[in-house]
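Peer 1: Provided below for reference: sequence and predicted model.
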Amino acid sequence: MVNPGKDQHMSPTSPPGTAQDTAGIHLAVGDRAPEQPRSAGAAMATENLHVYYGDFLAVRDVDLQFDDRRITALIGPSGCGKSTVLRCLNRMNDLVPGARVEGRVTYHGTDIYGPGVDEIEVRRRIGMVFQKPNPFPKSIYDNVAYGPRVTGAKDHLDDTVEQALRGAALWDEVKDKLKQNAYGLSGGQQQRLCIARAIATRPDVLLMDEPCSALDPIATSKIEDLMGELVQDFTIVIVTHNMQQAARVSHSTAFFTAQPDEHGDRVGTLVEFDRTLKIFEDPADKRTEDYISGKFG
Ligand SMILES: Nc1ncnc2c1ncn2[C@@H]1O[C@H](COP(=O)(O)OP(=O)(O)OP(=O)(O)O)[C@@H](O)[C@H]1O
Ligand SMILES: [Mg+2]
């Protein structure tokens, strides 16, 4: 991998606003997505991305840009390919038997599927948090120290662990029980521990696949607040089924659906990608409008 380029173009920041869904709930668009004075370019992009599982074309022709130090939400009905696209962004699909990726996925301009690119380094720079909290059966400390130990960054490990736990807004709750097993934490604490584990190796991008779907509203709120903090330092891509969450936290939103092809197979397709405010208040495509207003999906 090469170092991130500094030659970044201007991109607008979403102004906060409100949208309304059919249930009459006001969606506070951009509520938690912080305003940022500094402009940013694309940290990552996909070009002409197609993903197959064996002969099955799961996702076709996806062009997306993920702005640096912004939150991008991927939304759409079940099976439209959100997780598939997310996994392409750090080569996790390499680990799925039969999965094949065509097109380009770039990280600061470098094709992460290009020759000579080390997929372990890709996953260190582009970390992932999964739907179900998945701590290792180890102590809280050892969970967070795992990545730095594997990557050989063993100096100042205590500081690294503390910083990551502080970054994940968990330090105050666990600082007196770092040697206890992570399984003793609540679900929301376990998810924040997984975020601490992901940021301990100092990635640049955080991919989150429905990180709150197993959590109660209070734990969800803490993770959303945390995302607002983390985006100061990280580029975040989040898959969510929660429209309010997408509207609250993200700067840009990509809406996918599964379209029948000429053989009747349902292929994941990117319908619309824009600033979150635009997607929720004035979508260009009727399918987006139907989905966000709850008429479909
Ligand atoms: N490992 C796999 N092997 C074969 N097909 C797969 C595999 N993973 C996903 N698919 C198929 O690819 C398509 C997209 O799946 P994906 O999991 O990306 O959808 P999703 O939008 O994340 O759905 P959900 O909202 O339910 O999580 C689906 O048709 C799914 O059945
Ligand atoms: Mg999924």
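Peer 2: Thanks, I have the structure now. Residues are numbered from 1 along each chain as shown. Ligands and ions are numbered 1, 2, ... in the order given.
Peer 1: Can you tell me who T253 pairs with across the strands?
Peer 2: Beta-bridge partners of T253, counted by DSSP bridges, are A73, D274.
Peer 1: Might you report the residue contacts of it?
Peer 2: 72-75, 246, 273-276, 279-280 (C-beta atoms under 8 Å, 6 or more residues apart in numbering). To be clear about C-beta, it is placed using only N, CA and C from the backbone, and glycine gets the same treatment.
Peer 1: If we use 10 Å, what do you get?
Peer 2: 14, 29, 71-75, 238, 240, 243, 246-247, 272-280, 283, 288, 292 (C-beta atoms under 10 Å, 6 or more residues apart in numbering).
Peer 1: Of these, which belong to helices?
Peer 2: If you go by DSSP state H, the contacts of T253 have 243, 246-247, 276-280, 288, 292 in helices.
Peer 1: what's the farthest-apart pair in those?
Peer 2: Greatest spatial distance among the ones in helices among the contacts of T253 (C-beta to C-beta): M243 and K278, at 14.7 Å.
Peer 1: where do the strands sit along this protein?
Peer 2: Secondary structure of the chain, counting by DSSP state E: strands at 17-20, 26-29, 42-53, 56-67, 71-75, 99-107, 110-111, 126-129, 205-209, 235-239, 252-260, 266-275.
Peer 1: quick one, the fifth one and strand 266-275 angle?
Peer 2: It refers to strand 71-75. 150 degrees (axes from the mean of the first three to the mean of the last three C-alpha atoms, to 10 degrees).
Peer 1: relative to strand 56-67, how tilted is strand 71-75?
Peer 2: Angular relation of strand 71-75 and strand 56-67 on a 0 to 180 degree scale: 160 degrees, by the same axes, to 10 degrees.
Peer 1: And the average pLDDT for strand 71-75 is what?
Peer 2: Mean pLDDT, strand 71-75: 97.
Peer 1: now the residue nearest to A284 when sequence neighbours are not counted: how far from D61?
Peer 2: With sequence-adjacent residues excluded and distances taken as C-beta to C-beta, 6 or more residues apart in numbering, A284 is closest to E272, at 5.8 Å. According to C-beta to C-beta, to the nearest Å, E272 and D61 sit 14 Å apart.
Peer 1: Over to L74?
Peer 2: 15 Å.
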